[in-house]
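Chemist: structure for this input, please:
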Amino acid sequence: MRGEAEILRYTLQFNVYIWFNWRHSRTRANLCFARFLPATFSQFDFEACPMFNRNAFERDKRRQAAAQGQDAQLKSLAHDLNVASYQYDYGYQWTWLGMPIIQLPPDILAVQEILWEARPTLVIETGVAWGGSIVFYASILQLIGEGRVVGIDSVLPDENRREILKYPFSHRITLLNGSSIADETLAAVRDLVRPDDRVMVMLDSNHTHDHVLAELRRYAPLVSKDQYLVVSDTCVEYFPDQVPRKRPWGPGANPLTALRAYLAETDRFAVDEHIDNKLLLTYTPHGYLRCVK
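Modeler: Predicted coordinates:
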């Protein structure tokens, strides 16, 4: 077991590394106005400075994310921090609008970006747990102004259901009680898909290889072109064998191995490399896939 001192050491190393690279990046120097410092403020070239030119800012972000994805030392530090913090259930410590969401903050933000940019009209998630992620998706769709969420779980206690459905946007939520891979559950989901829906699928229930592969074969075909398939907890492949608790999944048999097996059967999906590159602390490495056909 790694102790609190080791957690602190990883965190400090991680932040110092990022800070050092920020200070020594030529792009960051640009953002600090080294190239653009005018004699008077009225002469400031806002268009030339990436901080005030949105297109330049976005290009710079993507360039930095790509470089970050190739930084083995940074990725190693992030991995060590991820593994060390897992023993304290770090991913369990967050809520969305008061509901436990059981995700890392960077993954929450990545999904928010996907929802905003892809604008799905139907989000299907297997695995509800406390319901924080269901509430999260529905709240973002409420802001967008359209869209519905379907949550599937074999265990949906009445109290959880009441909490999930208490929000002013809960009319967007449908909860289905049953195994995600049961034929009757899939039939019920299909009945909720409208002909013109833009469908996004999130898989986050039982993380065994066989179960996730069965989910992929059932639900991935529902994903619309240019929408996303997200396979959660692919990090299991890279974590020590289920520390601190024993689970029926682990390195060699988990969501990532199931995803790799499924991708050998289809050419409809491609890993979003940009998301992969910029997510350092994530439970879903290689698990954000865009439907390309």
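
Chemist: and stretch 89-106, how far out from the chain middle?
Modeler: Put simply, stretch 89-106 sits 12 Å off its chain's centre (C-alpha atoms, centre = their mean, to the nearest Å).

Chemist: got the buried residues for it?
Modeler: Buried residues in stretch 89-106, counted by 16 or more other C-beta atoms under 10 Å: Tyr90, Gly91, Trp94, Trp96, Met99, Pro100, Ile101, Ile102, Gln103, Leu104, Pro106. C-beta coordinates here come from the backbone N, C-alpha and C atoms, glycine included.

Chemist: now do stretch 269-281
Modeler: Phe269, Asp272, Ile275, Asp276, Asn277, Lys278, Leu279, Leu280, Leu281.

Chemist: circling back: need the buried residues of stretch 89-106 in a markdown table (columns: pLDDT, secondary structure and distance to Glu146).
Modeler: As requested, these are exported to a markdown table (pLDDT from 0 to 100; DSSP: H, G, I helix; E, B strand; the rest coil; distance: C-beta to C-beta, whole Å):
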| residue | pLDDT | secondary structure | distance to Glu146 |
| --- | --- | --- | --- |
| Tyr90 | 95 | helix | 34 |
| Gly91 | 95 | helix | 30 |
| Trp94 | 97 | coil | 27 |
| Trp96 | 98 | strand | 20 |
| Met99 | 98 | strand | 22 |
| Pro100 | 97 | strand | 27 |
| Ile101 | 97 | coil | 22 |
| Ile102 | 96 | coil | 26 |
| Gln103 | 96 | coil | 24 |
| Leu104 | 97 | coil | 28 |
| Pro106 | 97 | helix | 26 |
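
Chemist: identify the farthest-apart pair in the residues you listed.
Modeler: Across the buried residues of stretch 89-106, the longest distance by C-beta to C-beta is 18.9 Å; it joins Met99 and Pro106.

Chemist: what residue is smack in the middle of the chain?
Modeler: Asp107 (3.5 Å; C-alpha atoms, centre = their mean).

Chemist: would you map out the domains in this structure?
Modeler: Structurally, the chain divides into domains by automatic domain parsing as follows: 4-86, 95-291.

Chemist: on that earlier part again, which of the buried residues of stretch 269-281 fall in helices?
Modeler: Ile275, Asp276, Asn277, Lys278 (DSSP state H).

Chemist: relative to Arg148, which of the residues you listed is nearest.
Modeler: Ile275 (23.8 Å).

Chemist: shouldn't that closest one be in contact with Ala110?
Modeler: Yes - assessed by C-beta atoms under 8 Å, Ile275 is found in contact with Ala110 at 5.5 Å.
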